[in-house]
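>>> generate coordinates for the sequence data below:
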Amino acid sequence: MYQVIGINFINSKRVYYFSHNNLSIKKQDKVVVETERGIQIGIACTDVIEMSEDKLVLPLRPIIRMATKEDLKRQEENEKLAIEALENAKKHAKKFELNMKFIDCSFTLDRNQLVYNFLADERIDFRELAKKLAAIYKTRIELRQVGVRDKAKEIGGIGPCGRFLCCSTFLNDFNSVSINMAKNQYLSLNPTKINGLCGRLLCCLKYEDENYTEMKKDFPPIGTKLKNSEVEGKVISHNLFKGTYTVEKNDKTLIEIEIEKHESSK
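Next up, the predicted model:
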């Protein structure tokens, strides 16, 4: 077990876990941490808690320090400067005739890096744009081309379930999701029902897919033709939770059969 503190960042509901580094930190304290995106200010959303290794991304990064007044002032200045930097990027991208749709940008706390996220339908040669922005802001420029799922993860939102998007709260990686998962769970293939805000298949289709596959092992596949002493007809539907399946008899009448009954008639 590891002693960790949950940290989230501005405009994000996702929680990242850091080593408390023997600092006395309480929930809602603002702290300085080093992330993949450089030095940032985060907010403690938990007290010190214990978590098992399988729920963490190791090795854990330590919290650097409690955020000082100077850190918070610098953060506020960075946010204002980022608004200007975003507009400048849009303006110069247009001059270079680059078909890019910028989502957001942010400075690291120490301003050693300025990161832009953008959408594009194809690969973009943004080298000249990066040079121009680096000349303006005197820092390292990183332009990240993201997909629609990444955009949803960055921006967040409310899913059809009424909860915050999984990708922006707890998913660390995007799982492979296929249309067969929707079919396996007997869901309507209407895109408005099985697609998320990003326009791609719902990430949550994967959560219960394995259970559905396991439950179906006891059921005759839909379309199976049965012929025994009790019934003759074709299987047309399953009710996995009730433990029954429906057979359309040769005279077009329907009969519901329990799994145990089917097995005992073999």
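>>> alpha carbons only for contacts and neighbour counts from here, please
Fine.
>>> make sure Lys131 is indeed in a strand.
No: counting by DSSP: H, G, I helix; E, B strand; the rest coil, Lys131 is not found in a strand; it is helix.
>>> and it, how close does it get to Ala93?
12 Å (Cα to Cα, to the nearest Å).
>>> neighbour count: these two, which is higher?
More neighbours surround Ala93 than the other of Lys131 and Ala93, with 20 against 13 (other Cα atoms under 10 Å).
>>> quickly find the element holding that one.
Using DSSP states H and E, Ala93 falls within helix 69-95.
>>> which elements pack onto the helix or strand that that helix is followed by?
Once the chain leaves helix 69-95, the next helix or strand it forms, by DSSP H and E, is strand 101-107. Here strand 101-107 touches helix 69-95, strand 113-119, going by 3 or more Cα pairs under 8 Å, 6 or more residues apart in numbering; DSSP states H and E.
>>> what's the angle between strand 101-107 and helix 69-95?
On the basis of axes from the mean of the first three to the mean of the last three Cα atoms, to 10 degrees, strand 101-107 is oriented at 150 degrees to helix 69-95.
>>> which helices and strands sit right next to the helix holding Ala93?
Counting contacts by 3+ Cα pairs under 8 Å, 6+ apart, helix 69-95 packs against strand 101-107, helix 127-137.
>>> buried sites along the last one?
In terms of neighbour count (16 or more other Cα atoms under 10 Å), helix 127-137 has its buried residues at 129-130, 132-134.
>>> name the nearest residue to the residue most central in space within the chain, sequence neighbours excluded.
For the chain, the residue sitting closest to the mean C-alpha position, by Cα atoms, centre = their mean, is Cys167 at 1.5 Å. In space, and not counting its chain neighbours, Cys167 is closest to Lys153: 5.1 Å by Cα to Cα, 6 or more residues apart in numbering.
>>> how about the one you found, secondary structure?
The three-state assignment at Lys153 reads helix, by three-state DSSP.
>>> now, which of the buried residues of helix 127-137 sits nearest Ser19?
Nearest to Ser19 among the buried residues of helix 127-137: Ala134, at 33.6 Å, using Cα to Cα.
>>> quick check: the closest one vs Gln75, distance?
20 Å.
>>> repeat for Glu258
On the measure of Cα to Cα, Glu258 and Gln75 end up 63 Å apart.
>>> next: Leu143.
21 Å.
>>> what's the answer for Ala135, then?
Per Cα to Cα, Ala135 is found 22 Å from Gln75.
>>> and if you look at Asp251?
Asp251 is 75 Å from Gln75, where distance means Cα to Cα.
>>> those two - which one has more neighbours?
Using other Cα under 10 Å, the more surrounded residue of Asp251 and Gln75 is Gln75, with 19 against 8.
>>> ok, the more buried one touching Leu109?
Yes: applying Cα atoms under 8 Å, one finds Gln75 in contact with Leu109, separated by 6.1 Å.
>>> any common contacting residues for the two?
Residues touching both Gln75 and Leu109 (Cα atoms under 8 Å, 6 or more residues apart in numbering): Ile41.
>>> about what we covered before: can you redo the helices and strands packed on strand 101-107 as JSON lines with mean pLDDT?
Putting the helices and strands packed on strand 101-107 into JSON lines (pLDDT from 0 to 100) gives the following:
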{"stretch": "helix 69-95", "mean pLDDT": "96"}
{"stretch": "strand 113-119", "mean pLDDT": "94"}
